[in-house]
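> sharing a sequence plus its predicted fold:
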Amino acid sequence: QVQLVESGGGLVQTGGSLRLSCAASGITFSSLVIGWYRQAPGKQRELVASISGGGTTTYTDSVKGRFTIARDNPNHTVYLQMNSLKPEDTAVYYCNIGYFRNSAYSPLDYWGQGTQVTVSS
């Protein structure tokens, strides 16, 4: 049974940092393509960052230079380091298993339960 468990969310002030973790189990990890999504109240879920099995990364424009996605294969974990946080980063963050098609990330139906990130102004 595939399971994704996110952790690391919380309340932080503008300009602060958080590191989110996504621990995967029940599936061969090293080749997985993982994406971090977020969903703010009243908004659609959006892809924030992704990482391939080989370590290729992508980021949405609004987080480039502030967020870093990385993977730790021995520990079956993908991290999202978030620096210089802004109130508009407030959302529930989810990790997802997906794949790349024509260089674009496509999600599969494997999601974690989400972790809340709140950035106060």
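Noted; the coordinates are in hand.
> ok, now how distant is A23 from K43?
Distance of A23 to K43, computed by CB to CB, to the nearest Å: 26 Å. Placement of C-beta: from N, CA and C, glycine included.
> and the two? Which one has more around it.
A23 (17 against 9; other CB atoms under 10 Å).
> hang on, that one in a strand?
Yes - membership of A23 in a strand is supported by DSSP: H, G, I helix; E, B strand; the rest coil.
> beta partners for it?
V5, T77 (DSSP bridges).
> now it: how far from N75?
From A23 to N75 the distance is 8 Å (CB to CB).
> pull out the buried positions in the strand ranked longest in the chain.
Ordering each strand of the chain by length in residues (DSSP state E) puts strand 91-101 first. Applying a neighbour-count criterion of 16 or more other CB atoms under 10 Å, one finds 91-98 buried in strand 91-101.
> okay, those residues in JSON lines with distance to T68 and pLDDT next?
JSON lines is the format used below for these (distance: CB to CB, whole Å; pLDDT from 0 to 100):
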{"residue": "A91", "distance to T68": "18", "pLDDT": "98"}
{"residue": "V92", "distance to T68": "20", "pLDDT": "98"}
{"residue": "Y93", "distance to T68": "14", "pLDDT": "98"}
{"residue": "Y94", "distance to T68": "18", "pLDDT": "98"}
{"residue": "C95", "distance to T68": "15", "pLDDT": "97"}
{"residue": "N96", "distance to T68": "18", "pLDDT": "98"}
{"residue": "I97", "distance to T68": "20", "pLDDT": "97"}
{"residue": "G98", "distance to T68": "19", "pLDDT": "96"}
